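**Student:** I need the structure of the sequence given here:
(2 chains)
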Amino acid sequence: MSRLVATFERLRRTKAPGLVCYVTAGDPDIERSTAVVRAIAETGADVIEIGVPFSDPIADGPVIQRASERALAAGTSLTSVLAMVADLRTTCETPIVLFTYVNPVVRMGTAAFVDAAAKAGVDGVLLLDLPIEEAGEMRAALDSRGLDTIFLISPTTTVDRLRTAASLGRGFLYAISRLGVTGARDAVAGTARPVVEQIRAATDLPVALGFGISRPEHVRETCAYADAAVVGSALVQVIADAAPGDEARAAGALVRWLKS
Amino acid sequence: MTVVKMCGLTRREDVDAAVAAGATALGFVMWPGSPRAVRPERVATITTGVPSHVMKVGVFVDAPVAAVAQAVTAAGLTAIQLHGREDAREYLALGVQVITAVAPQSDADIRAAIALPGTVIVLVDAHDPVQRGGTGRSANWPMAKQIAAARPILLAGGLTASNVAEAVNAVEPWGIDVSSGIESSPGIKDPARIQQFMTHIRLSAHPPTRPSVGPSFGQRDPDSRGYFGEFGGRFIPETLVAPVESLTAAYVAARTDPAFVAELQRLLSTFVGRPTPLYEASHLTGDSGVRVFLKREDLAHTGAHKINNAVGQVLLARRMGKTRVVAETGAGQHGVATATACALLGLECVVYMGADDMARQALNVFRMRVLGTTVTSVDGGSRTLKDAINEAMRDWVANVSTTAYVLGSVLGPHPYPLMVREFQSVIGAEARAQILRDTGRLPDAVVACVGGGSNAMGIFDAFVADRGVRLIGVEAGGRGIRDGEHAARFAGGVAGVLHGTRSLLLQDKHGNILATHSVSAGLDYPSVGPEHAHLASIGRTEYAWVDDDAALRGFVWLARQEGLLPALESSHAAAWLQEHLVEFQRGAIVILNLSGRGDKDVETVRGLLEVQGPGFGGGR
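**Tutor:** Below you'll find the predicted structure:
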């Protein structure tokens, strides 16, 4: 059983609200970013999404765009992110999902990427700009090494596509709460609940809901109908605002607050 | 005006009378078996002083290539006409226009004539088992008409003042070949009959009509997933999948809806100002003997080809019930075109533009604002075109229900590369009809600059099936082919995915996109249209690059020789031609797509030329 499947089974069994935390790898550099991930794993993140910085992040809002620029400026690459995961795996058993745009993976080569990800201890992969129609080869390669392919479901996803994603997806489905790019909001979008309910009608796969979630009450509200809430930009912002060297502590504190 | 070739000339006074009457080609029979035979040296003597636009044609019957070559030199011929069983292809290397006579008697003959190389001019004559040409007998007009419907022809065979109007009406040829019909006896022309003949051509009801051409739809679609070979496809975030699918469905429905196509055609002719002219730039050619034609997209409304696509996409957006349009722009030309189309059709418009590009193209920013568009500065990344696309896509993701994304080049997820090429295909459709009208044949090469590649795909489209026509794209070499210093994807690109499509990308070894540089904002982009990558991979198109300095020389070249200020983008194509003109054969025909005018770049050019100092580029 994969770490992701086991984690979501535990969340369902204990009826606990799940928390998926996103960080951009290498922001502000690989070393401090590794410390951040350790801290959020220890303070209660159920799943960690590690974002691979990319030069042209079209699906991301300004907070994660800036994080990507800082990480790239510090020399982060897909190769160094995979090394970071391998390093984390020596002490950390929290499921790790790699969150990436497709071009760095294309450049590395699908087979080489899947091999390296499996060896590093990655549990699942979400490719932001690789829709189901283009994902066949990648999914088969990931599947053959026991890695879960995570698909996104948005308010614009049709029922037919949702069924396809449900049958091809592994681990969980990532539901996008609203139209638009990543970024914190004051309230969870009104479109969130219908999206999750539509997914529930189509599949038993766990559902994590993201985009715009930034506060403990958002997490509680979301987990009334979803298996987990995803917090990204709010966490990335805390890391950006932290004094140098204080990133891990600040991120851990935010996660503890979100779980409260 | 019908082209007229007067053939069988043997005397100086007949040459002068023919030119004075308006003949655009003069024929001299080099076959010794003819009563009108004339020696090459005599042709040289009686044609001194004939204007250069008048073609001097030697008529041969089964003469070996070497003998024809000698005659071409001795007589000063600019064209040869083959009347025997020669294979025209063997004579193409002589570097003069080849005209092949055919005398169709069957459907197979018609097909063979149509299949002759596009650079050959076809002359349709009467069949005569004994004599070859000059027999006074009529050609098979119905069969000639079938060939003329497929390619331009010269109609020959027993034409006289009394039947030429009827022949023109029946066949609709590109030109007329007349010999015995203007003679008093073999080889002796009669000035009165020449005048009478020309008068009757003018009386014909159908002087060759300008073909009515518009965009070409549904001719070369990608596969169902939007791939051209291994390039293209749809690499987009999930939220955009449904909107892009509905855009595809709406586009496919629109392009087959006569009402949509008619409305587009109406706007292209009455608002954009199409067709744009094809102008023979005779000062550019120097001593090369090459004929250079400029497709004048700089004369389209707003000063560049971008308006063709903007009007099409905004019309489609309105048809889909969208009330708001977003677009990106690099040089500002697509932004201005989209702002213009939105003002015309009543849609709200937001244009994203890199902060650096806004500084480079301040006047275009102002033009857009005057047109009622909101111009938003993009400060992320490299602050140029690719970042403007990123930001426009983010806006679109957030506002898909009300908003259409009007993409300016043959880039992005399917259907954009197809749709933008089809809206731009009007350029090539017009240029192909115009070059056939003006020269009777297809060009040897078509040259265009390539940023994303929409002007190039637009003009290449009509010629892709004409295998003999070289299609040459010119990229921006910037300050030289080193990472971050150029935008020549075919020189340094590796296959990858950016902005929704798989194509060639300038990227580092980790798959991050490299910065690019070009003096021209419109070519300053790290990827290229996927169909370009595909056509290159199958060897149909060629790509070259020229650097910033060469582009400036191209700018000055067109300015001084022809009185045209080209856009810095188009200057790259001009610069390539300037450097490679001597490599074409005499008589070769080249079309250069003058994709936009250079007024927007005058400030940039001034800054650079003042650095270079006085005397830059030299005088004429």
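**Student:** tell me which strands and helices the one helix or strand B:Arg369 maps to is in contact with?
**Tutor:** Using DSSP states H and E, B:Arg369 sits in helix B:362-370. Packed against helix B:362-370 by the contact rule (3 or more CB pairs under 8 Å, 6 or more residues apart in numbering or on different chains; DSSP states H and E) you find helix B:333-345, strand B:348-354, strand B:374-378. No exception for glycine: its C-beta is placed from N, CA and C like everyone else's.
**Student:** what's next to the helix or strand harbouring B:Ala262, contact-wise?
**Tutor:** Using DSSP H and E, B:Ala262 falls within helix B:258-267. With contact meaning CB atoms under 8 Å, 6 or more residues apart in numbering or on different chains, helix B:258-267 is reached by B:Gly214, B:Pro215, B:Phe217, B:Ala254, B:Arg255, B:Val311, B:Gly312, B:Leu315, B:Leu316, B:Arg319, B:Leu344.
**Student:** Give me the neighbour count for residue 229.
**Tutor:** By default, I'm working from chain A. Neighbour count of A:Ala229, defined by other CB atoms under 10 Å in any protein chain shown: 27.
**Student:** wrong one, chain B
**Tutor:** 15.
**Student:** Can you pull the phi and psi angles for it?
**Tutor:** phi 60, psi -120 (degrees, to the nearest 10).
**Student:** For it, which non-adjacent residue is closest in space?
**Tutor:** B:His534 (4.1 Å; CB to CB, 6 or more residues apart in numbering or on different chains).
**Student:** Quick check: the one you found vs B:Ala139, distance?
**Tutor:** 42 Å (CB to CB, to the nearest Å).
**Student:** who has more neighbours, the two?
**Tutor:** B:Ala139 (26 against 20).
**Student:** pLDDT score for the more buried one?
**Tutor:** Per-residue confidence at B:Ala139 stands at 92 (pLDDT).
**Student:** tell me the contacts of it?
**Tutor:** Shown in contact with B:Ala139 (CB under 8 Å, 6+ apart): B:Ala103, B:Val124, B:Asp125, B:Ala126, B:His127, B:Leu155, B:Ala156, B:Gly157, B:Gly158.
**Student:** how would you label the nearest residue to it once chain neighbours are set aside: helix, strand or coil?
**Tutor:** The shortest distance from B:Ala139 to any non-neighbouring residue, by CB to CB, 6+ apart, is to B:Gly157 (3.6 Å). Classification of B:Gly157 by DSSP: H, G, I helix; E, B strand; the rest coil places it in coil.
**Student:** which residues touch the residue lying closest to B:Ala18 once chain neighbours are set aside?
**Tutor:** Distances taken as CB to CB, 6+ apart place B:Met6 nearest to B:Ala18, at 4.3 Å, with adjacent residues excluded. Counting by CB under 8 Å, 6+ apart, B:Met6 touches B:Asp14, B:Ala18, B:Ala21, B:Ala23, B:Ala25, B:Leu26, B:Gly27, B:Val178, B:Ser179, B:Ile182, B:Lys189, B:Ile194.
**Student:** Between those, which sits nearest chain A?
**Tutor:** Minimum separation from chain A among those (CB to the nearest CB) is found for B:Ala25, which lies at 56.1 Å.
**Student:** Locate A:Tyr174 within the secondary structure: which element?
**Tutor:** strand A:173-176.
**Student:** That strand: how far from the chain's middle?
**Tutor:** 10 Å (CA atoms, centre = their mean, to the nearest Å).
**Student:** could you give the mean pLDDT of that strand?
**Tutor:** pLDDT averaged over strand A:173-176 gives 96.
**Student:** Could you pull up the contacting residues of the nearest residue to B:Arg319 once chain neighbours are set aside?
**Tutor:** Leaving aside its chain neighbours, B:Arg319 sits nearest to B:Ala254 (6.0 Å; criterion: CB to CB, 6+ apart). Applying CB under 8 Å, 6+ apart, we find B:Ala254 in contact with B:Phe260, B:Leu316, B:Arg319.
**Student:** so what's the backbone phi/psi at the second one?
**Tutor:** To tie it back to what came earlier, the one meant is B:Leu316. Here is the backbone geometry of B:Leu316 (degrees, to the nearest 10): phi -70, psi -40.
**Student:** Could you check how many residues crowd around residue 175?
**Tutor:** Chain wasn't specified; assuming chain A. A:Ala175 - counted by other CB under 10 Å - has 27 other residues nearby.
**Student:** wrong chain, I was asking about chain B
**Tutor:** By other CB under 10 Å, neighbour count at B:Gly175 equals 21.
**Student:** what's the distance between the closest residue to it other than its chain neighbours and B:Leu123?
**Tutor:** Excluding the flanking residues, the one nearest B:Gly175 by CB to CB, 6+ apart is B:Val3, at 3.2 Å. Distance of B:Val3 to B:Leu123, given as CB to CB: 11 Å.
**Student:** What of B:Leu155?
**Tutor:** Distance, B:Leu155 to B:Leu123, by CB to CB: 8 Å.
**Student:** Spit out the residues that contact those two alike.
**Tutor:** With CB under 8 Å, 6+ apart as the test, B:Leu155 and B:Leu123 both reach B:Asp177.
**Student:** Would you mind giving the secondary structure of the residue in the stretch 51-200 of chain B that chain A sits nearest to?
**Tutor:** Proximity of the stretch 51-200 of chain B to chain A (CB to the nearest CB) peaks at B:Gly118, 38.5 Å away. Under the three-state scheme (three-state DSSP), B:Gly118 adopts coil.
**Student:** residue ranges for the helices of the stretch 51-200 of chain A, please.
**Tutor:** Assigned by DSSP state H, counting those that start in this stretch, the helices in the stretch 51-200 of chain A fall at A:62-73, A:78-88, A:102-108, A:110-120, A:136-144, A:159-168, A:192-202.
**Student:** so which of those gets nearest chain B?
**Tutor:** Across the helices of the stretch 51-200 of chain A, closest to chain B is helix A:102-108 (CB to the nearest CB), at 3.2 Å.
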